[in-house]
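Colleague: output the structure for:
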Amino acid sequence: MENSSEDYKIQSFDMDTQKLLKTALKDPGSVNLEKVSNVLVDQSLKDPFFSKEAGRICFTIVQAEAKQNNGAVFRRHLLNRLQQEFKQREETRKRSLQEWVCYVTFICNIFDYLKVNNMPMVALVPPVYDCLVRLAQPDALLNEEEVDCLVLQLHRIGEQLEKVNGQRMDELFFLLRDGFLLQEGLTSMARLLLLEILEFRAGGWTLSSTAHKYYYSEISE
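Modeller: Residues are numbered from 1 along each chain as shown. Just a heads-up that it's a prediction; the model follows:
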């Protein structure tokens, strides 16, 4: 039953692809892992829900491959594909805001799940920061979808990222502070989200119960 939760996340694929992924989760050495990585990235770029959950599937395949033959083929293919998409990020953003937001969600998810000796993967730190900094630029702050993505990722991995490179986190939050104080044209929701994340980090990556109640009652309304 341990893979039942994983099975649920792949129901949107055709039967052949479901079979490929189910096999990869249990016996990664018997399938084409480059194809598996491409299937997972492609789906993550077009499905916002899947982009949030794909990290768990990737983690399971990485663990299974390491256990089976101490291999890292899947991880290598996954990182190569993430790098390819990273190089095209501006074109992706211009073409489809949803696809861009899905990419950021996916790479942050991979950063969160895939560890080496219980430490974040160093190779992912610069591109993850670059994506978050892009979301903090003036043109992106005018898009609620991008602000929402930025805040969600910082809630999820901000503390981990800061431990790896605190200077870049400081630089990112200078942008967010300036955006909150100086940016014209922000929606009230974007302003609320920015204020919340500024307070979240200032509080040591946590919110007091009073602050939590305030922000989340405002957001729900």
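Colleague: surely Tyr113 touches Phe59?
Modeller: Yes - distance between Tyr113 and Phe59: 4.1 Å, which falls inside the contact criterion (Cβ atoms under 8 Å). Every residue, glycine included, has its C-beta placed from N, CA and C.
Colleague: what about the helices in the protein?
Modeller: For the chain, the helices defined by DSSP state H cover 4-9, 15-26, 33-46, 48-69, 73-87, 89-95, 97-113, 125-135, 138-141, 144-164, 166-182, 188-202, 209-220.
Colleague: quick one: mean pLDDT for the first one?
Modeller: This points to helix 4-9. Across helix 4-9, pLDDT averages out at 52.
Colleague: buried residues in stretch 180-195?
Modeller: Buried residues in stretch 180-195, defined by neighbour count with 16 or more other Cβ atoms under 10 Å: 180, 183, 186, 190, 192-194.
Colleague: pLDDT on that stretch, on average?
Modeller: The predicted model assigns stretch 180-195 a mean pLDDT of 94.
Colleague: what are the phi and psi values at Gly203?
Modeller: Main-chain torsions, Gly203, degrees, to the nearest 10: phi -90, psi 20.
Colleague: can you give me the neighbour number for the closest residue in space to it that isn't next to it in sequence?
Modeller: Distance criterion Cβ to Cβ, 6 or more residues apart in numbering; nearest residue to Gly203, sequence neighbours excluded, is Ala211 at 7.5 Å. Look at Ala211: counted by other Cβ atoms under 10 Å, it has 15 neighbours.
Colleague: check contacts around Ala211.
Modeller: Contacts for Ala211 (Cβ atoms under 8 Å, 6 or more residues apart in numbering) come out as 196, 199, 203.
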